[in-house]
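# Sequence first, then the predicted structure, then my questions.
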Amino acid sequence: MHVSQGRNTGLGLALVSAFAFGGSGVAAKPLIEAGLDPLHVVWLRVAGAALLMLPVVLRHRTLLLRRPAVLAGFGLLGVAGVQAFYFAAISRIPVGVAILVEFLGPALLLGWVRFVQRKAVSRAAAVGVVLAVGGMAAVVEVWSGLAFDPLGLVLAFGAACCQVSYFVLADHGSDGEDAPDPVAVIAYGLLIGALVLTVTSRPWRMDWTVLTHRADMGEVSVPALLLVGWIVLVATVVAYLTGVLAVRRLSPQVAGVVACLEAVVGTVLAWILLDEHLGAPQVLGGVLVLAGAFVAQTAKKRGTTTVVAAAVPAADADAAATEPQDKARLV
């Protein structure tokens with residue numbers, strides 16, 4: 001009963017995270033159309049969230065000394081890397097292609113566990129990934145605008161690899177007695193990500209006056225600061241908190257598949273709030289993504305197979321394998 005409740009809690013947290021992340025685009029697009037550079041919107045998002053989480057950083061000052069590599073990796077890759085690579089990619093290739101390539105992250109994670117670490121993976125997780133990736137292609141209508149700019153595809157693939165690091169590092173060391181507080185990991189990740197993005201986005205060049213005006217969200221005009229608040233509080237703080245807490249309760253690859261719902265949420269919200277058309281292929285793709293998420297979340301660990309081993313150093317793999325294998329986690 002306890003295991004089942006933990007799994008259900010993880011699934012619920014994962015869904016909240018997917019919905020929170022999915023709503024970021026709907027709030028960001030009006031800001032970009034109002035005159036802000038996409039990278040400046042990303043900087044506002046991460047820097048604002050880091051400022052809110054600063055008290056957590058101060059409370060866990062010793063964590064940086066105990067887990068410097070994990071925190072640096074989470075901030076550089078899981079926060080700044082995904083954002084920077086993705087926005088750089090869409091400057092060279094269609095958005096739909098970039099999203100599809102980025103959301104190959106769950107498949108890459110599954111491949112890492114299976115072929116690099118030579119660990120068995122459940123059939124449900126593999127089927128779920130296939131369904132979700134196929135549905136993702138339909139959601140973004142990838143066939144409507146392919147462009148094979150080599151650098152753009154490499155950048156999008158970099159975003160996918162960074163997405164894998166988000167799931168892996170979020171689960172890192174979660175079973176040990178000295179496991180870092182997940183909230184502290186998020187706080188440090190956002191702070192490090194904000195510092196990196198400050199260098200790359202150069203916010204001192206941003207048109208700050210845009211934030212004093214209103215932005216058009218479909219037929220409705222809303223204060224720009226309200227949209228920034230949504231991006232910071234909901235699409236970043238809530239999204240990361242629920243995401244990392246969920247990955248502690250389910251496996252990272254299952255979490256990655258459920259995270260594919262982010263694209264579905266973003267598409268539906270854009271249809272409702274921004275009057276963007278939702279075609280039959282996108283509806284069908286959304287159904288496939290939902291089916292993939294449902295199938296994957298039924299995956300169970302078998303025998304000595306452990307996804308935790310994908311998130312810990314090789315020297316700790318044997319110790320991880322001795323942990324109880326009936327506890328599931330998610331993002």
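Alright, I've got the coordinates.
# And stretch 273-292, what's buried?
273, 274, 276, 281, 282, 285, 286, 288, 289, 290, 291, 292 (16 or more other C-beta atoms under 10 Å). For the C-beta atoms, the positions are set from N, CA and C on the backbone; glycine is no exception.
# Dump it to CSV, keeping only the CA atoms.
C-alpha atoms of stretch 273-292 as CSV (Å, rounded to 0.1, in the frame of the first residue of the first chain):
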residue,chain,number,x,y,z
LEU,A,273,-5.5,31.3,-25.0
LEU,A,274,-3.6,32.3,-28.1
ASP,A,275,-6.2,31.2,-30.7
GLU,A,276,-3.7,28.9,-32.4
HIS,A,277,-5.4,26.2,-34.4
LEU,A,278,-5.3,22.6,-33.1
GLY,A,279,-5.6,20.2,-36.1
ALA,A,280,-6.6,16.6,-36.3
PRO,A,281,-3.0,15.3,-36.5
GLN,A,282,-2.1,17.2,-33.3
VAL,A,283,-5.2,15.8,-31.5
LEU,A,284,-4.1,12.3,-32.6
GLY,A,285,-0.6,13.0,-31.5
GLY,A,286,-1.7,14.2,-28.1
VAL,A,287,-3.7,10.9,-27.6
LEU,A,288,-0.5,8.9,-28.5
VAL,A,289,1.6,10.9,-26.0
LEU,A,290,-1.0,10.3,-23.3
ALA,A,291,-1.1,6.6,-24.2
GLY,A,292,2.7,6.5,-24.0
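# For this protein, which segments are assigned as strands?
Using DSSP state E, the strands of the chain run over 214-217, 220-223.
# got any ranges where the stretch 51-200 of the chain has weak pLDDT?
For the stretch 51-200 of the chain, residues meeting the criterion pLDDT under 70 lie at 94-97, 106, 144-148, 167, 170-179.
# show me where it has helices.
54-59, 63-66, 68-73, 82-89, 95-102, 105-111, 123-139, 150-171, 182-201 (DSSP state H, counting those that start in this stretch).
# picking up where we left off before, now, of the strands of the chain, which is deepest in the fold?
Most buried of the strands of the chain by mean neighbour count (mean count of other C-beta atoms under 10 Å) is strand 214-217; its value is a mean of 18.
# partners of that one in the sheet?
Strand 214-217 has the following sheet partners, assigned by DSSP bridges: strand 220-223 (antiparallel).
# outside of the strand it pairs with, which residues touch it?
With C-beta atoms under 8 Å, 6 or more residues apart in numbering as the test, strand 220-223 has contacts from 30, 214, 215, 273.
# and the two most separated of those?
Farthest-apart pair in the contacts of strand 220-223 is 214 and 273; separation 15.0 Å (C-beta to C-beta).
# Without its sequence neighbours, what residue ends up closest to the residue positioned nearest the centre of the chain?
The residue lying closest to the centre of the chain (C-alpha atoms, centre = their mean) is residue 163, at 6.1 Å. Counting by C-beta to C-beta, 6 or more residues apart in numbering, residue 163 lies nearest to residue 105, which is 3.4 Å off, once chain neighbours are set aside.
# repeat for residue 87
residue 38 (5.0 Å).
# Tell me how many other residues crowd the one you found.
18 (other C-beta atoms under 10 Å).
# I figured residue 93 hits residue 150, correct?
No - contact criterion C-beta atoms under 8 Å: residue 93 and residue 150 do not qualify, at 9.7 Å.
# between these two, which one's more packed in?
residue 93 (21 against 9).
# who touches stretch 134-153?
89, 91-101, 103, 260, 263-264, 267, 279, 281-282, 284-292.
# Next, find the distance separating the residue nearest to residue 87 from residue 218.
According to C-beta to C-beta, to the nearest Å, residue 38 stands 20 Å off from residue 218.
# thought residue 98 was touching residue 86?
Yes - between residue 98 and residue 86 there is a contact under C-beta under 8 Å: 6.2 Å.
# between these two, what contacts are shared?
In contact with both residue 98 and residue 86: 155, 156, 159, using C-beta under 8 Å, 6+ apart.
# of all those residues, which comes closest to residue 82?
residue 159 (5.4 Å).
# what number of residues lie near that closest one?
25.
# follow-up on the earlier one: and the helices of the stretch 51-200 of the chain: which comes nearest residue 14?
Across those, closest to residue 14 is helix 150-171 (C-beta to C-beta), at 10.9 Å.
# re the thing from before, wait, which of the strands of the chain is closest to residue 57?
Among the strands of the chain, the nearest to residue 57 by C-beta to C-beta is strand 220-223 (29.1 Å).
# Can you list the buried residues in stretch 232-245?
So, applying 16+ other C-beta under 10 Å, buried residues of stretch 232-245: 232, 234-245.
# Skipping adjacent residues, who's closest to residue 93 in space?
That would be residue 152: by C-beta to C-beta, 6+ apart, it lies 3.6 Å from residue 93.
# Then residue 291?
Once flanking residues are discounted, residue 291 sits nearest to residue 131: 5.2 Å by C-beta to C-beta, 6+ apart.
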